[in-house]
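Student: Starting from these lines, generate the structure:
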Amino acid sequence: MMEETFDVIVIGGGVIGCAAAYFLSANPSFSGSVLVVEPDPAYTYASSTLSASSLRTQFSNSLNIKISQYGYDFISQFHTLMSVNGNGPSLKFHEGGYLFLAKSDLQVETMRQNNSVQLANNADVVLWSTLELANAFPHLNVSDIKLASYGRSGEGWFDNVGFVDGFKRKALDLGVKFLKDEVVGLNKDKRVLKSINLKSGKKICSGNFINASGASAAKIAGYAGIELPVAPRKRTVFVFDCENSPQGTASLNNGLLPLMVDNTGVYCRPEGKVFITGCVPHNDFNVDYDDFNPNYAEFEDIIWPALANRSKYFEAIKVKNYWAGHYAYNLLDQNMILGCHPELENFYFANGFSGHGLQQAPATGRALSELIIYGAFRSLDLSPFCFERILENKPFLEKAIV
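Tutor: All right, here's what the predicted structure looks like:
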């Protein structure tokens, strides 16, 4: 039987896989064929569609800041870039900013260090004293807060489903093929990956392969005999409303609350007339790939106490909806792993985003296309995210993990 062959096979059709497929097919220097294999094209359990879909520049790592700045520029042009037959998607990007709160001396010192990196990279982030914070958001209890960090522009939230669909729709228009199937094996010859085995029984060959399989990335890597320190970590998102919505000053952000990250790690942001919220669980451990059972106790035990302490408006709130998704968690340093394993020259990894996949998808997709087409990064040097650091156990740290 004749085996199908593509120039590039992308394993995983979430936002990273779709972005890679788009950037490859949109590049005039690439004339090859691209196949995206995705077992769940409805994205029922995809990290991309279950996330809080936000973008920020308030990182501690210069590269992560630059990646988000490019993501912001790309999202700002998304309607035009993803247009098909004159019809482009709207992401309803809300430039509401992030507001980080610091209570302890260690949090304050870290916030100041992060801000110096942010300013050095032209991020529009300001530090506020307790008084400045109280003036901006009079409803907040600031008695225990020593310092705040606020992103005045370049940060916000958007339609994650529209983001994935826009990439996919444009990639299809550019000739990319999408296949509903599951990769159950990889075939290699010495230092080269040759083909994939699918659950349907098909075997498909290619010259280049991209592992963009999200929280399942370690399972895919294992088929090639590679150990990848990426594991699923469950995050439950809650939707709630309150009788009176807290607001800021009328001159700031139209009075709307930004995406607030409390000193406890609990986050909260407006979503129309309601709010969404979540936290890092006290017992943050790896879960099964199919474990999407929401942990309602997090709301009662962690989230509500923190919110009620932060604002009187959050003392009486009601949960309207909730769901659980997975972080593709990089166990070494919570930063992406990008590029080939040194012993397998045509198997490209784009994994371990640890909750940053949506905002980093444009830069990652562009980078993957450059590696495959030119053999090197051209737009932004992302080599510090290489696989070698994993093998050498040398973390490339990011302090600002939410």
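Student: With only the CA atoms kept, save stretch 381-389 in PDB.
Tutor: Output of stretch 381-389 as PDB, limited to C-alpha atoms (Å, rounded to 0.1, in the frame of the first residue of the first chain):
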ATOM      1  CA  ASP A 381      16.100  34.400  18.900                       C
ATOM      2  CA  LEU A 382      14.300  31.800  21.100                       C
ATOM      3  CA  SER A 383      17.300  29.500  21.400                       C
ATOM      4  CA  PRO A 384      17.300  29.800  25.300                       C
ATOM      5  CA  PHE A 385      14.200  27.600  25.200                       C
ATOM      6  CA  CYS A 386      16.100  24.800  23.600                       C
ATOM      7  CA  PHE A 387      15.800  21.100  24.500                       C
ATOM      8  CA  GLU A 388      19.500  21.000  25.600                       C
ATOM      9  CA  ARG A 389      18.700  23.000  28.800                       C
END
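Student: Name the helix or strand for residue 346, please.
Tutor: Element membership for residue 346, per DSSP states H and E: strand 344-351.
Student: Residues touching the one helix or strand residue 389 maps to, excluding its own?
Tutor: For residue 389, the element it lies in under DSSP H and E is helix 388-391. Helix 388-391 is contacted by residues 228, 229, 332, 333, 337, 342, 395, 396 when judged by Cβ atoms under 8 Å, 6 or more residues apart in numbering. No exception for glycine: its C-beta is placed from N, CA and C like everyone else's.
Student: so who does the second one touch?
Tutor: Under the criterion of Cβ under 8 Å, 6+ apart, the neighbours of residue 229 are 218, 330, 331, 332, 352, 390.
Student: Same check on the third one?
Tutor: Listed by Cβ under 8 Å, 6+ apart, the contact set of residue 332 reads 229, 352, 389, 390, 393, 395.
Student: at 7 Å instead, please
Tutor: 229, 390, 395 (Cβ atoms under 7 Å, 6 or more residues apart in numbering).
Student: excluding its backbone neighbours, what's nearest residue 49?
Tutor: residue 43 (4.4 Å; Cβ to Cβ, 6 or more residues apart in numbering).
Student: Could you provide the contacts of helix 388-391 in CSV, with additional columns for pLDDT, secondary structure and distance to residue 287?
Tutor: Shown next, in CSV, are the contacts of helix 388-391 (pLDDT from 0 to 100; DSSP: H, G, I helix; E, B strand; the rest coil; distance: Cβ to Cβ, whole Å):
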residue, pLDDT, secondary structure, distance to residue 287
228, 98, coil, 17
229, 98, coil, 16
332, 97, coil, 19
333, 96, coil, 20
337, 98, strand, 20
342, 94, coil, 30
395, 97, coil, 23
396, 96, coil, 25
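Student: Separate out the buried members of these.
Tutor: Those of the contacts of helix 388-391 that meet the buried threshold are 228, 229, 332, 333, 337, 396, by 16 or more other Cβ atoms under 10 Å.
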